[in-house]
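In: Generate a structure from the sequence data that follows.
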Amino acid sequence: MKTLVIMPTYNEALNLEHSVGELFAHNPGVNLLIVDDGSPDGTGQIAENLANSDERTSVLHRKEKAGLAGAYKAGFAWGIERGFEFLVEMDADGSHRAEDLPKLLAVAPSHDLVIGSRWTKGGKVENWPWHRMMLSRWGNVYAQFMLASSTRDMTAGYRVYKAELLSRLDLEHLSARGYSFQVEMTRKSEQAEASIKEVPITFIEREHGVSKMSRSIVLEAMLLVTKLGLQRIFTPSK
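Out: Below is the predicted model:
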């Protein structure tokens, strides 16, 4: 399995080295692409140092913070161009445990999209305050309802895509820029009749740095889900 892990970064200087070390400790056979959005805290230089010390690691520098969707789209294109069969989305802040990735990769050959799920049976979250927990749970319930989806964790950011599926999806006309990108990609995958598998994981809240979650990101997600849901309801099926 030729696998590329894509790890977007913005101001992750306190987390990146440890996250990369954990990734390779548990998954020595993967390659890593760090996509840095011009982090002012020196994350980009740390990424370069890691790449210089390990041929499995590469770095893609972007000039400025331009959204999670853009970072992953750039990473997908980079990986597909180089012939990777499986492309993994993984956070750099340590919230996605490297020891869970083998479980996702084990079922990836049989599915187009594998989601590391917090809200399927066996999944859990550690160190989140109650309001963050409720926001994620009810956000997913709302997305499921509006989009008539059976996916329990549509907002999950720990994923394995087959390159073949990504090549079939229209990634140039995504509406989302932030975390709602995950919902939109799930929706597109379902519309493409992709085989989707949810695998339970343990999500751990970051120990260092500041969460990128904000009110504007939450609002973007709610508006996008509502828009997609209304399109589903009122657009006649062909």
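
In: and the longest helix along the chain, what other elements does it pack with?
Out: Ranked by number of residues, the top helix in the chain under DSSP state H is helix 215-234. Applying 3 or more CB pairs under 8 Å, 6 or more residues apart in numbering; DSSP states H and E, we find helix 215-234 packed against helix 130-147, helix 180-191. C-beta: built from backbone N, CA, C; applies to glycine.

In: By mean pLDDT, show me the worst of these.
Out: When the helices and strands packed on helix 215-234 are compared on average pLDDT, helix 130-147 comes out lowest at a mean of 88.

In: what's the most centrally placed residue in the chain in contact with, if anything?
Out: Nearest to the mean C-alpha position of the chain, by CA atoms, centre = their mean, lies residue 157 at 3.1 Å. By CB atoms under 8 Å, 6 or more residues apart in numbering, the residues touching residue 157 are 89, 90, 91, 96, 179, 182.

In: And the nearest residue to the fourth one once chain neighbours are set aside, how far from residue 201?
Out: Once its chain neighbours are removed from consideration, residue 96 has its nearest residue in residue 158; the separation is 4.4 Å (CB to CB, 6 or more residues apart in numbering). Separation of residue 158 from residue 201 (CB to CB, to the nearest Å): 6 Å.

In: what's the helix or strand for residue 6?
Out: Assessed by DSSP states H and E, residue 6 sits inside strand 3-9.

In: Show the residue spans covered by the helices in this protein.
Out: For the chain, the helices defined by DSSP H cover 16-26, 43-53, 68-81, 101-107, 130-147, 163-168, 180-191, 215-234.

In: Dump these into TSV; add mean neighbour count and distance to residue 206 as well.
Out: Formatted as TSV, the helices of the chain follow (neighbours: other CB atoms under 10 Å; distance: least, CB to CB, whole Å):
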stretch	mean neighbour count	distance to residue 206
helix 16-26	18	10
helix 43-53	18	14
helix 68-81	19	15
helix 101-107	17	18
helix 130-147	16	12
helix 163-168	16	27
helix 180-191	22	17
helix 215-234	15	16
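
In: Next, count neighbours for residue 235.
Out: Applying other CB atoms under 10 Å, we find 8 other residues in the vicinity of residue 235.

In: Show the pLDDT at it.
Out: According to the prediction, residue 235 has pLDDT 79.
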